[in-house]
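>>> Next comes the sequence, and after it the predicted model I'd like to discuss.
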Amino acid sequence: MNGDVGLDRKVLAAVERLGRALRAARQQVATRHELSLLGLSVIETLAVARPRRVGDLAAELDVSQPTVSDAVATLDKRGLIARDRDPNDLRTTLVTLTSTGEVVAADIATELQPILRAESGTVAERATTLRVLLGEIARLQQAGVISVNRSCLTCRHYQPPAARARARCLLLDTALRDPDLRVDCGEHEPALR
Ligand code: SF4
């Protein structure tokens, strides 16, 4: 039996509560750095990997393009980000962190680290939780609630576990145990539907 409405609601209520608590903690860090919450998210997103187009940032952060453009302009005025032409498409602008922005990003990561450390349950329980939550994110993406999802469960390179075989990443040619599942993978390619 797969359905337990009461349990489902409690799980989602707990995730929502956790989300609110994390948001409050992130707001405190943002205020300390004189940033908006969105500005902090832009810095964190750019710190993870490659330069992004404004449109990509908007999709990733689930806000409109004008909203993220305003946040980017504010960060630009403070010298935290740079905007450069995309060498592959000169009509497009790419946003990156400046060296000052990288220092702020590192400070933010250090300040958030104690809050973002999950400590409840065993490692195996946390790994199962990760897989279940990624499944929920995939479901919400399918329902059109989330637009960008670069996790393993929605990747064309993900091979689900079979009878005796572990799940694998076919691109990286490696087994993917639950703790190895990626939430935001640079190599992610959407699975064909
Ligand atoms: S490419 Fe990345 S997202 Fe895709 S299965 Fe491999 S590790 Fe996961």
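Perfect, I can see it now. All figures in this text were calculated on a predicted structure; none of them were measured in a lab.
>>> Around the ligand, which positions in this structure sit nearby?
Residues of the chain lying close to the ligand (Cβ under 6 Å from any ligand atom) are Cys152, Cys155, His157, Tyr158, Cys169, Leu171, Leu172, Arg182, Cys185, Glu187, His188. The C-beta positions use only the backbone N, C-alpha and C, and glycine is treated the same way.
>>> go with 5 Å
Within the chain, the residues that sit near the ligand (Cβ under 5 Å from any ligand atom) are Cys152, Cys155, His157, Tyr158, Cys169, Leu171, Arg182, Cys185, Glu187, His188.
>>> Tell me which entries of those residues lie within strands.
Among those, the members found in strands (DSSP state E) are Tyr158, Cys169.
>>> can you redo the residues of the chain next to the ligand as TSV with pLDDT?
TSV is the format used below for the residues of the chain next to the ligand (pLDDT from 0 to 100):
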residue	pLDDT
Cys152	96
Cys155	96
His157	96
Tyr158	96
Cys169	96
Leu171	96
Arg182	94
Cys185	89
Glu187	89
His188	92
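>>> Show the buried residues in the residues of the chain next to the ligand.
By neighbour count, with 16 or more other Cβ atoms under 10 Å, those hold Cys152, Cys155, His157, Tyr158, Cys169, Arg182, Cys185, His188 as buried.
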